[in-house]
Structure formats: structure tokens, C-alpha cells
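1. need a structure here:
(chains A and B)
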Amino acid sequence: MATVVEIENLRKEFGSVRALDGISLRIDDGEWIAIMGPSGSGKTTLINILGGLDSPTSGRAIVDGTDVARLDEAGLTRFRAEKVGFVFQQFHLVPYLTALENVMLAQYFHSTTDEKEARQSLERVGLGDRSEHLPSQLSGGEQQRVAVARALINHPKLILADEPTGNLDEVNEQIVLNLLRELHQEGHTILMVTHAPSIGRLADRRIELAHGRLAQISATSLKPEPV
Amino acid sequence: MMFWRLVFQLLRGSRGRLAVAILAIVSGAAVISALLNLDLGMQNKLTEEFRSLGANIVIAPPNAPQSPDVGSAAPVLYDEDVLDIGIQSVRSPNVVASAPYLYIIGRAAGTPVVIVGTWLDELRKFEPTWQLDGSWISSREDNGRCLVGRNVAQRLHLKLGRSLELAYADRNFELSVAGIVDAGGADDNQIFVNLPVAQKLAAKEGAISVWQLSVSGTPGNLSDYTTRLAGVLSQEEVRPIRQVTEAEGSLLGRIQFLIVSMVVLILILTTLCVLGTIAALAMERRKDVGLMKSLGGSISRIMGLFLAEVGVLGAVGGLIGAILGVTLSYWMGLRVFGAAISPRWEIFPVTILLMIVVAMAGALPLRTLGDVKPAVILRGE
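-> Residues are numbered from 1 along each chain as shown, chains lettered A, B, ... in the order given. Model prediction:
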């Protein structure tokens, strides 16, 4: 199976604080990875670097053949548009755009917009009849499903989900997790940050971080790791 | 299309905040377009006002005396036909009135008086401010009637319709008084007859003293016409009446300076107002920009959206303001000049363009959005 993410000795420092301290990791195409660990362990920093939102202090982070650490601002912008799709805990939808327009916004920054495809993407997450609603007119679960539709619209190689169910009730949590499960079954590569062990167990592998280091890797089917 | 869809939604989403900016732009545009329309319209209105002061170009022989020689025959004379042909050859839509004048010192009821022979049908156009008791003479072939200055009428106890005998040397003419002129100046001491009457009295058929013209338009139009006329009538002295044209030019210059100063001041004030609003808006938009960057939006594409939004704001505000301003100047024209200043269509694109520039200058705080770090913003910091 092809490798989608390859991390080598990745370090990130914020002043005197070491957020990531020499992490090495490999993720194969189609894998669902859960990143777990206490607050401040470096989970979000790791996916921010893999998503091109932040740059490492040293080391390599190769996503689909592109070393994110070597990209300049313009390169990072293109990388974010083409290679990754984000799902945030806070949903982060543009409040004055409808559900449909929020999905099309990602298309707009990627290349050209296709309203039909954006509608299909919303139908896929069960929101075909809510496409003209503003985020304020949607429940938290619905907003998160719009965010999932937006993350998928440009067919990214990697879906980065930072506590995607952290702000949802049980019912909506289940809906979003079912969506992620479906995406996984379709072959998407998902990197998900979560605090909840029950959610972590849904992933192929669980990676525990502590103080910026890999503390533990557990998997349903363990693969050899270049740790 | 998505671009304009997003711009529209940006405008809609921030309509409360942007209402302040558009109010400033509309107000600024209204005052600026009113001033510009007034400035352009005023040039014509003032010129018209100055035209009411009478002729502003005189064609006279070189070194000719300014007034007729009292007690003598008419001064150096022209051939009326030669000048007429010359003047006719220099056509201009700005010529309001044009007429030859022959001044002679004759006698009326035994009293010496200046007799002015001219085309009486043109006199009304030359002297629109004259108060006339009686009626104007509308035909230059009417050799039986005359207009009499107020002072002459008083001295000679003349009434409307009464006959008056004009004499020069051993010749005389009997005319009836069609009107009594109150000009408030030297014209009140003169008698106005049609040109052939004066020529026959003086026994100078076809001769005139000067030719006068009243030309409308700006001082530039006047200067241009004078130059063209002087080119054709090279033997004569073609001169603008300086007092009128210089006063006109000087007044227009001062008013224009005042208006330009006010326009610049209003532009600065409007820009400052927009600047304040956009600075607040830029703070509000930091989260949106962080999100857009995380979705792969380059700062140039994101700023393109915001600048288009501000541009639309300037254009719409400019258009509304220009309509209000032109209406305002129409009303001001009625109040100041007693005549409406009609809209000048060039005001609209100029005002809209100025307001777009103002809005863009006011959008400078948006530059700070370029520094937004998506990771920091999305963490909620």
C-alpha cells in the first residue's frame, strides 16, 4: 500500500516550548489514524503541520510526495487547496454564506466552482434540503456535516479532523462518526485528533502523544513503524 | 460568478457595519457632485450674468476715440458693409448679439444730445437689464420711431407716443417715442434710432463708428473668438472690453479655487470616515480570513474579494450621492441664480470614480489581514 504521510524526526518549538520533539511516523493510503493524548501533547500542532497551516522547526513532513517543511507561503496555500481537507472542532463555517456557498468556497479557492457537485456533496452528508440555510440556521451536527462536505469537495488526499465530534451531542456525534467510517470504507485517508478512547478505537491505529513525543501506537492490525 | 456571489454575501453579511461607510460615501459624493455641478454650471451662469452687462467685444479703428467728439461730426468711420462681411465670416454659436453703432451729436428740440444709430432689434439682446417704459423696436427698418433715455425724456418733457424732431446740421428727422429707457447710466442721456436714420442725419450713408458684439461662453471662448475675428479684420482693432472679461475671469478663478479646496477637504474627511469603519471591519474579518487561508485561499484572491466589496460600496455610494448632489445643485442654482443649473452628465462618472478611489484608500487597514496566521486564528487566539 502506498504511503501518503511520512514524518521524520519532526520538531516544532514555540519559543522555549517544544510542542513536537522528534516524531517519526508513516501513514498508508486509506488508513484511519486517531491521534490521542492529553492537552498540550502536540496533537493539533502535528495536524496543523501536516495540513500546511504551520511549519516545523526541523525534520520532514511529506504528504503525498510534498515536503510541507520546504514550501513557501504560496506553496503552502496551493498545498492546502489541493492535498488536504480540514474538519475543525468549532466547525469554522463562514457565517454569512449558506451551506452550499461554504462548500463552494473551497471549490473557488481550489479552482472553479461546480454548484451541482457541491449540492451532491451536501446530499452525501444528508443535507440536500438544507443547502440554502445559513450556519446560524443549522444545528451543530448539521454544521459539522457541512464542514465534512466542504473537506471532501476537492477530493483531497488527506482528511484532517481536529476533534470533529468535540462540540456535538451523542446523536450528532454518531452521525459524524458514521460519515467518517463511510469515508474510510471508500478509501479516504483520515487523520483524526480525539480525546475519547471509544472514538479512537474506530480507527485502524491509535497514536498516543505525550510531551510532543510518540508515547504509544496501538492498532487493529499493527504495521512496522520506523519510530 | 462565484466571485460576485461571494462579494454580494460579504456586503450582506456586514451590512450593519458598512452602512456607516456608505453613509459617509453618499454624503461626500452628494456634496462633491453638487459642488462640481455648481462649478461647471456656474461658469455658464456667471457668463450669462456678465453678458447682461452689455457688449464685450468692440471693433474700432486703431486709436479711435472712446466717445464721439461733442459738437463735431461723427469720428473716424467704417464702411458698415465691409465690417458686416468680415464678422459674418467668423461664425460662432456663442454670438448673442452683433450690431453696428454710429454716434453723432445732434439736437433734439434745440438741445444738444447724443444720437445713437444702431440695429434696434439687437438692442434688447445687448441690454437685457434695461428697464423700458413702452415697447422695444423689433425691426431695424423701422425709421419712424426711437427709444429715448430717461434723462433726455425728463429734460425735454417727452411722453410715450409723442413726436420728437432730431436735427443735425441742416437736416432733420421727425420720429415718435416708442419707449423710454432707464439704464441707470450714460445711456439715459442718449436717443436710440435705427442706423439708417442716424446715417441720413449725418449724411454718412453706410458709415458707422464702431461695431459691438456680445459673446457668451467662458473667458476662453471669448478670447478664442476675439483672436479669430482679429485675424479676419486685421486692419481694425478688435478688443474685448477688459473690465468685464477680467472681472469674470478673476471671479471664476477664485470660485474654482474655493470649490476645488472644498472638494479635496471633503475627499479627505470621507476617506477618514471609511478608514475607521474598514479598520473595525478588518478586525471582524480576521477569523474569516484565517478560515479562507486554511481552505487554500491565497491572500491576493481573498483581498480581491474584499477590495471588490469596497469598490462596489464606493460605486453605489458614488452613484446615489451624485444623484442627490446634482439635485442639490439644481436647488442651489434656483436659490442663488434664480435659474436651475441643469445636470452635467460628466459629473456622474467623475464622482463615482472619486468615491471608488476614496473607498479603496479607506480600505488600507485590510492590508493587515495579510499577516493573519490561520493556525493561530483557528485556535481561537
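2. give me every residue in the stretch 1-150 of chain B lying close to chain A.
-> Counting by C-beta under 8 Å from any C-beta of the partner chain, the stretch 1-150 of chain B comes close to chain A at B:Met1, B:Met2, B:Phe3, B:Arg5, B:Leu6, B:Gln9, B:Leu10, B:Arg12, B:Gly13, B:Ser14. In this view, the C-beta of every residue, glycine as well, is placed from N, C-alpha and C.
3. buried subset of these?
-> Neighbour counting by 16 or more other C-beta atoms under 10 Å in any protein chain shown classes B:Arg5, B:Leu6, B:Gln9, B:Leu10, B:Gly13, B:Ser14 among the residues of the stretch 1-150 of chain B next to chain A as buried.
4. by contact count, what packs against the host helix or strand of B:Leu275?
-> B:Leu275 is part of helix B:242-284 when elements are defined by DSSP states H and E. If you count contacts as 3 or more C-beta pairs under 8 Å, 6 or more residues apart in numbering or on different chains; DSSP states H and E, helix B:242-284 packs onto helix B:15-51, helix B:219-232, helix B:347-362.
5. and those as CSV, adding mean pLDDT?
-> Formatted as CSV, the helices and strands packed on helix B:242-284 follow (pLDDT from 0 to 100):
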stretch, mean pLDDT
helix B:15-51, 83
helix B:219-232, 82
helix B:347-362, 93
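6. turn these into TSV, columns for distance to B:Leu272 and mean neighbour count.
-> Output for those, formatted as TSV (distance: least, C-beta to C-beta, whole Å; neighbours: other C-beta atoms under 10 Å in any protein chain shown):
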stretch	distance to B:Leu272	mean neighbour count
helix B:15-51	9	21
helix B:219-232	36	17
helix B:347-362	8	21
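7. gap between the most centrally placed residue in chain A and B:Arg228?
-> Central residue of chain A (C-alpha atoms, centre = their mean): A:Leu160, 0.7 Å from the mean position. As defined by C-beta to C-beta, to the nearest Å, A:Leu160 lies at a distance of 80 Å from B:Arg228.
8. picking that back up, between the residues of the stretch 1-150 of chain B next to chain A, which is nearest chain A?
-> Checking those against chain A by C-beta to the nearest C-beta gives B:Gly13 as the nearest, at 2.6 Å.
9. now the closest one. Nearest residue, chain neighbours left out?
-> A:Tyr96 (2.6 Å; C-beta to C-beta, 6 or more residues apart in numbering or on different chains).
10. got a pLDDT number for that neighbour?
-> Here the pLDDT value assigned to A:Tyr96 is 91.
11. quick check: the gap between it and A:Leu122.
-> Distance, A:Tyr96 to A:Leu122, using C-beta to C-beta: 18 Å.
12. which of those two has more neighbours?
-> Per other C-beta atoms under 10 Å in any protein chain shown, whichever of A:Tyr96 and A:Leu122 has more neighbours is A:Leu122, with 23 against 20.
13. A helix includes that one, no?
-> Yes: assessed with DSSP: H, G, I helix; E, B strand; the rest coil, A:Leu122 lies in a helix.
14. next up, the contacts around it.
-> A:Ala99, A:Leu100, A:Val103, A:Gly128, A:Arg130, A:Ser131, A:Val146, A:Ala149 (C-beta atoms under 8 Å, 6 or more residues apart in numbering or on different chains).
15. what about 6 Å?
-> The contact partners of A:Leu122, by C-beta atoms under 6 Å, 6 or more residues apart in numbering or on different chains, come to A:Gly128, A:Ser131, A:Ala149.
16. which among these count as buried?
-> Buried members of the contacts of A:Leu122, counted by 16+ other C-beta under 10 Å: A:Ser131, A:Ala149.
17. format the contacts of A:Leu122 as TSV; extra columns: secondary structure.
-> Shown next, in TSV, are the contacts of A:Leu122 (three-state DSSP):
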residue	secondary structure
A:Gly128	helix
A:Ser131	coil
A:Ala149	helix
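18. tabulate the contacts of A:Leu122 (TSV), appending pLDDT.
-> Below are these laid out as TSV (pLDDT from 0 to 100):
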residue	pLDDT
A:Gly128	90
A:Ser131	93
A:Ala149	93
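19. out of the contacts of A:Leu122, who's nearest B:Leu334?
-> The nearest member of those to B:Leu334, counting by C-beta to C-beta, is A:Ser131 at 54.9 Å.
20. and the closest residue in space to that closest one that isn't next to it in sequence, what element?
-> Leaving aside its sequence neighbours, A:Ser131 sits nearest to A:Leu100 (C-beta to C-beta, 6+ apart; 4.1 Å). A:Leu100 belongs to helix A:99-110 when elements are defined using DSSP H and E.
21. could you name the helices and strands sitting against that helix?
-> Packing partners of helix A:99-110 (3 or more C-beta pairs under 6 Å, 6 or more residues apart in numbering or on different chains; DSSP states H and E): helix A:115-124, helix A:140-152.
22. mind checking if the last one is in reach of chain B?
-> When you say that, I think you mean helix A:140-152. No: against chain B, helix A:140-152 shows no contacts by C-beta under 6 Å from any C-beta of the partner chain, the least distance being 7.5 Å.
23. residues making contact with the helix or strand following that helix?
-> Scanning forward in sequence from helix A:140-152 by DSSP H and E, the next helix or strand is strand A:158-162. If you take C-beta under 6 Å, 6+ apart as the criterion, strand A:158-162 is touched by A:44, A:47, A:51, A:63, A:84-89, A:151, A:188-193.
24. are any of the residues you listed buried, and if so which?
-> A:44, A:47, A:51, A:63, A:84-89, A:151, A:188-193.
25. thinking again about what came up before, quick one, phi psi at the residue nearest to B:Gly13?
-> A:Tyr96 adopts backbone torsions of phi -100, psi 10, taken as degrees, to the nearest 10.
26. measure it to A:Leu138 for me?
-> In terms of C-beta to C-beta, A:Tyr96 sits 14 Å off from A:Leu138.
27. just the C-alphas of the helix holding A:Leu100, formatted as CSV.
-> Only the C-alpha atoms of helix A:99-110 are listed here, as CSV (Å, rounded to 0.1, in the frame of the first residue of the first chain):
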residue,chain,number,x,y,z
ALA,A,99,-24.2,25.7,3.5
LEU,A,100,-23.9,25.4,-0.3
GLU,A,101,-21.7,28.5,-0.6
ASN,A,102,-19.5,27.3,2.2
VAL,A,103,-18.8,24.2,0.2
MET,A,104,-18.4,26.1,-3.0
LEU,A,105,-15.9,28.5,-1.2
ALA,A,106,-13.4,25.5,-1.0
GLN,A,107,-14.0,24.8,-4.7
TYR,A,108,-13.5,28.5,-5.5
PHE,A,109,-10.1,28.6,-3.8
HIS,A,110,-9.1,25.2,-5.4
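28. list the buried residues of that helix.
-> A:Ala99, A:Leu100, A:Glu101, A:Asn102, A:Val103, A:Met104, A:Leu105, A:Ala106, A:Gln107, A:Tyr108, A:Phe109, A:His110.
29. that older thread, ranking the helices and strands packed on helix A:99-110 by burial, who's on top?
-> Ranked by average neighbour count under the criterion mean count of other C-beta atoms under 10 Å in any protein chain shown, the helices and strands packed on helix A:99-110 are headed by helix A:140-152 at a mean of 25.
30. contacts for the one helix or strand in chain B whose mean pLDDT sits lowest, please.
-> Ranked by mean pLDDT, DSSP states H and E, the helix or strand of chain B with the weakest confidence is strand B:78-79, at a mean of 74. With C-beta under 6 Å, 6+ apart as the test, strand B:78-79 has contacts from B:Gly206, B:Ile208.
31. just checking: what are the partner strands of that strand?
-> strand B:207-208 (antiparallel) (DSSP bridges).
32. which elements pack onto the next helix or strand after the strand it pairs with?
-> Counting by DSSP H and E, the next helix or strand C-terminal to strand B:207-208 is strand B:210-215. Using 3+ C-beta pairs under 6 Å, 6+ apart, the elements in contact with strand B:210-215 are strand B:57-60, strand B:95-108.
33. convert the first one to CSV, retaining C-alpha atoms only.
-> Right, the one you point to is strand B:57-60. What follows is strand B:57-60 as a C-alpha-only set of coordinates in CSV (Å, rounded to 0.1, in the frame of the first residue of the first chain):
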residue,chain,number,x,y,z
ILE,B,57,-16.2,93.0,-27.9
VAL,B,58,-15.7,96.3,-29.7
ILE,B,59,-14.4,96.6,-33.2
ALA,B,60,-13.0,100.1,-33.7
